[in-house]
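1. sequence plus predicted model, see below.
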Amino acid sequence: MLAKRIIPCLDVKDGRVVKGTNFEGLRDLADPVEMARFYNESGADELVFYDITASAEGRSLFADVLRRVAAEIFIPLTVGGGIRTLEDFDRVLKCGADKVSVNSGAIADPALIRAAAETYGDQCVVLSMDVKRVEGQFRLFAKGGREDTGIDAMEWAVRGVENGAGEIVLNSIDTDGVRAGFDLEMLDALASRVQVPIVASGGAGRMEDFAELFAHSGMDAGLAASIFHTRQVEIRELKRFLRDCGVEVRL
Amino acid sequence: MIAIVEYGVGNLFSLTSSLQALGLETEVTGDAERLRAADRIILPGVGAFGNAKAKLDDTGLTPVLREEAERKPLLGICLGMQLLFERSLEYGEHSGLGLVPGQVAALREDLTDPALKVPHMGWNSLRIVREDPLFRHFRDGEYVYYVHSFYAKECDGSTLGISEYGNVPVTGAVRRGNVWGTQFHPEKSGDAGLRLLQAFAEL
């Protein structure tokens, strides 16, 4: 059977990883290539690179980072941030990305998902969603979680999958940064609506949170940033723990 | 020199990089003479079977690959492996290169559990069913990375390794004579995948 995936997420700005890091022993503590190497050796199943640069210069630095990572790390790479057009897909795929994640770009242009899926295949298109509870509804947020779109997030996910999204990253704004566990209620609601792999994001603080996540059906992967970057949770140790809990992982 | 067949299907960045990381001389080419001059050939591919086979036919590479497969090691990866078989039932019926017995069918139709997701995407354990030099540096049960919705079956003793997905034994690796194929992506399967590519280079 498929192993449950553990995915560190690297936010990159101007060629540097920006979330708090604590990597003793690495030459450069915020060099994405060094971090990718470290995570690959730690047993990460996939890496997500998020481009949070706004400038053209930053964008070209990001492409350079991606090429350097893809030239030496041979696990799946997902890239997101600033993906608005098919040209953006093309740009990052040429640098070695395997999957491309769209968020605000798909909200601004809902036709983007279908166009990308038709061009590159469903498996290449990841729909990333920032979701928060508003008035008893799971509400889709845009612009890095700052703007309430008024759209029902679960409806949005169903539509995305119909249009060809091959995977969904669900980031719960309600649990993000709290480190008290993934938003299982929100994730379950999504799993009951779509049949593509679900990557859970937001809220992981301890190894037990991942075990709890994978005890729920329909969960394929757990994604986190700072708990891995600060080494509060070590991926190798996490995977051994999960295996002991009866979760299938790649070790 | 390992020639990677360029026929307008898919992105060859990772495959080329992985071979280069192993220090292997590689050339991406769609030229028949270069394929004839190579020591080994890798046939990559992503996308739809019918389209890929049409491109091999249109570029005149189909007979070249059939000839060269008699003379040197050939490795098909993912859709490149599926093209090695006799036929595919992906959106209609298409004939393949016919280098390995078997046919390519929809995974969904053979899965009894509707909750299993298709594409079969992610890391699955490869169980070796027949020892082969391709596994010289590979341990039984190591995880490899798959992304596919169709799979090979009825391979008539050519199967080298399988990965279980629900009730379906997914054909992970095959061999017939000089021709090898992996449904998974060795160039995305971390260290285990690199060791498999290294073994291919040593065949």
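-> Here it is on my side, so go on. Predicted, not measured: the structure shown is a model, and the values here were computed from it.

2. local confidence estimate at residue 95?
-> Since you didn't name a chain, this refers to chain A. Per-residue confidence at A:Cys95 stands at 91 (pLDDT).

3. not what I meant, chain B
-> As predicted, B:Ser95 sits at a pLDDT of 96.

4. and for B:Phe85?
-> Per-residue confidence (pLDDT) for B:Phe85: 98.

5. need the contact list for it.
-> B:96-104, B:152, B:155 (C-beta atoms under 8 Å, 6 or more residues apart in numbering or on different chains). Every residue, glycine included, has its C-beta placed from N, CA and C.

6. pull the most distant pair out of these.
-> B:Leu97 and B:Cys155 (14.1 Å; C-beta to C-beta).

7. so which of the two has more stuff around it?
-> Using other C-beta atoms under 10 Å in any protein chain shown as the criterion, B:Leu97 and B:Cys155 rank with B:Leu97 on top: 23 against 19.

8. please tell me how far the more buried one sits from B:Ser18.
-> 24 Å (C-beta to C-beta, to the nearest Å).

9. A:Ala70 too?
-> Using C-beta to C-beta, A:Ala70 is found at 10 Å from B:Ser18.

10. what's the neighbour count on residue 33?
-> This is for chain A. Close neighbours of A:Val33, defined as other C-beta under 10 Å, add up to 19.

11. wrong chain, I was asking about chain B
-> Using other C-beta under 10 Å, B:Glu33 is surrounded by 9 other residues.

12. do the longest strand along chain B and chain A meet?
-> Counting by DSSP state E, the longest strand found in chain B is strand B:168-176. No - if you take C-beta under 8 Å from any C-beta of the partner chain as the test, strand B:168-176 misses chain A, and the best it gets is 10.5 Å.

13. who are the packing partners of that strand?
-> On a contact count with 3 or more C-beta pairs under 8 Å, 6 or more residues apart in numbering or on different chains; DSSP states H and E, strand B:168-176 meets helix B:107-110, strand B:120-125, strand B:143-148, strand B:150-153, strand B:159-165, strand B:179-182.

14. quick check: longest helix in chain B by residues?
-> helix B:190-202 (DSSP state H).

15. show me which positions of that one end up buried.
-> B:190, B:192-201 (16 or more other C-beta atoms under 10 Å in any protein chain shown).

16. closest one of those residues to chain A?
-> For the buried residues of helix B:190-202, the residue nearest chain A by C-beta to the nearest C-beta is B:Gly190; the value is 5.1 Å.

17. follow-up on the earlier one: ok, and of the buried residues of helix B:190-202, which contact chain A?
-> B:190, B:193-194.

18. so which residues on the stretch 101-250 of chain A come close to chain B?
-> A:121-123, A:166-167, A:195-197, A:217-218, A:220, A:250.

19. quick one on the thing from earlier: as a markdown table, the buried residues of helix B:190-202 with pLDDT would be great.
-> What follows is the buried residues of helix B:190-202, written out as a markdown table (pLDDT from 0 to 100):
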| residue | pLDDT |
| --- | --- |
| B:Gly190 | 96 |
| B:Ala192 | 97 |
| B:Gly193 | 98 |
| B:Leu194 | 98 |
| B:Arg195 | 98 |
| B:Leu196 | 98 |
| B:Leu197 | 98 |
| B:Gln198 | 98 |
| B:Ala199 | 98 |
| B:Phe200 | 98 |
| B:Ala201 | 98 |
